[in-house]
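> need a 3D model of the sequence below.
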Amino acid sequence: MMGETGMNDAPLQRTGVVASARHFPVVFATVALLMCASVCGAMNPDAGIPVADASTSVDSLPPSARPAGVPDGYLVTPNGYFHPDCVQRVGSDERVLADGSIAGPAGQRRASPACIHAHFSKAGTAIGPYDRAQVSDIPGQTATADTLPPTINGYTVSATFVVSNAVPKVFAADMLVPTAPSSAGDQTIYLFPGLEDIEDVQTILQPVLAWNGFGDHAWSVASWNCCKDGTTFHSDPLAVSAGETINGVMTGSNCSGDVCTNWAVSSKRGAESTVLNTQSYGQRFDWVFGAALEVYGVQTCEQQPASALVRFTNERLTGMNGTAIALQPWNGAFFDSLFGSGFDARYNIYCAYQLNYGDAGRQIVILWPH
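This next block holds a predicted model:
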């Protein structure tokens, strides 16, 4: 909150300075999280009961909240729009293998078909399924200033740093589930900590708290690894309620040097959790996302949580040798324009985001004035 002290004590306000594609490859290269293509059960409003497993579709968005060129039937995900065929849901008793197949508890395997469909960035740019940087030969419309709708789609705020003296084996952070948006339409909101490899970004590990992430108009959590060869993997979603604390933990195993072959991404509410057992694909996860807010289809500031803040606490890192890694100063970045380059007055969407830090960097608060 405004009076908190600690590492980076002063409130960090949006300055209009943005990260380059070099320093935020996942944000602007649309390393994307995909969700399940089919509904595995009816939505149960009771917290703790697994929610429906179909991601929010672009078909549910009003035309003004949908970038031109994104095809019908594509899914809204934390980092872009994806074809349902590219989605793989993984149970907590299963494991993603290096070849993309999924192993069950008894050793049985099921295939994970190669993704052959382009996905689309938050702005509507088509991205190839195998080469995130290659867009010129992929069918689809690239969004321009004239085709973008008056909507915020994508990252709005993040706080990150690159570990300079070690590589984490464990990264954990708690998220307080905020209140629902005061204007609850078909917008989607994602909150998460995460890990990437700053020198070799292939995937991102994320325990994700979502509002309307599964077409449910409610809060849920799921664990993710996105997007090796254009495919993402996510765990079973779990319904949660405002005021609850979600413990997100990313834990490496089978480690050698700076690389852990296997990772467990856990999103836990009390005694209940949803876990994704996945691969590192040879990455050393030294880029720490302490907090990120990402939204889709937001047309007014009132379509974000009514509390006007989201809180991440108990941020902690453990190194390969089992000892704690000291937190470094967080680098705040703001992306509240449609173009990722500062506020664009033509669209009159400006929520004046701020970042506050407390508890020697272990707490990050994203807030915006009412």
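
> for V58, phi and psi?
Main-chain torsions, V58, degrees, to the nearest 10: phi -60, psi -20.

> would you confirm that A184 contacts H217?
Yes: in this structure A184 lies within contact range of H217 using Cβ atoms under 8 Å: 6.0 Å. C-beta coordinates here come from the backbone N, C-alpha and C atoms, glycine included.

> so if I had to pick from these two, which one is more boxed in?
Neighbours were counted for A184 and for H217 using other Cβ atoms under 10 Å; H217 has more, 17 against 14.

> where do the strands sit along the stretch 251-370 of the chain?
Using DSSP state E, counting those that start in this stretch, the strands found in the stretch 251-370 of the chain span residues 259-269, 272-279, 287-298, 309-319, 324-325, 331-334, 354-358, 363-367.

> likewise for the stretch 101-250 of the chain?
Ranges of strands in the stretch 101-250 of the chain, per DSSP E, counting those that start in this stretch, are 102-103, 109-110, 119-120, 126-127, 152-162, 168-176, 188-196, 204-211, 219-226, 232-234, 238-239, 245-256.

> name the helices or strands packed onto the first one?
Applying 3 or more Cβ pairs under 8 Å, 6 or more residues apart in numbering; DSSP states H and E, one finds that strand 102-103 contacts strand 95-96, strand 109-110.

> and the first one, which strands flank it?
Meaning strand 95-96. Sheet pairing of strand 95-96 (DSSP bridges) gives strand 102-103 (antiparallel).

> and the strands of the stretch 251-370 of the chain: which comes nearest A106?
Closest to A106 of the strands of the stretch 251-370 of the chain is strand 272-279 (Cβ to Cβ; 14.6 Å).

> so F82 makes contact with H119?
Yes: counting by Cβ under 8 Å, F82 touches H119, with 4.5 Å between them.

> before we move on, the earlier item: tell me which of the helices and strands packed on strand 102-103 sits most buried.
Mean neighbour count (mean count of other Cβ atoms under 10 Å) peaks for strand 95-96 among those, with a mean of 22.

> which residues sit against that one?
Strand 95-96 has contacts (Cβ atoms under 8 Å, 6 or more residues apart in numbering) with 88, 90, 102-103, 112, 225, 233, 262, 276-279.

> repeat that with 10 Å
Strand 95-96 has contacts (Cβ atoms under 10 Å, 6 or more residues apart in numbering) with 88, 90, 101-105, 109, 112, 225, 228, 231, 233, 262-264, 275-279, 281.

> what sits closest to T261 if chain neighbours are left out?
N254 (4.2 Å; Cβ to Cβ, 6 or more residues apart in numbering).

> need the contact list for the one you found.
By Cβ under 10 Å, 6+ apart, the contact set of N254 is 260-263, 280.

> now swap in A180 and tell me
Shown in contact with A180 (Cβ under 10 Å, 6+ apart): 189, 211-212, 217-219, 241-242, 305-307.

> JSON lines for these, including pLDDT and distance to F289?
Formatted as JSON lines, the contacts of A180 follow (pLDDT from 0 to 100; distance: Cβ to Cβ, whole Å):
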{"residue": "I189", "pLDDT": "93", "distance to F289": "16"}
{"residue": "W211", "pLDDT": "95", "distance to F289": "19"}
{"residue": "N212", "pLDDT": "93", "distance to F289": "22"}
{"residue": "H217", "pLDDT": "92", "distance to F289": "26"}
{"residue": "A218", "pLDDT": "95", "distance to F289": "24"}
{"residue": "W219", "pLDDT": "96", "distance to F289": "20"}
{"residue": "S241", "pLDDT": "97", "distance to F289": "24"}
{"residue": "A242", "pLDDT": "97", "distance to F289": "23"}
{"residue": "P305", "pLDDT": "93", "distance to F289": "19"}
{"residue": "A306", "pLDDT": "92", "distance to F289": "25"}
{"residue": "S307", "pLDDT": "92", "distance to F289": "21"}
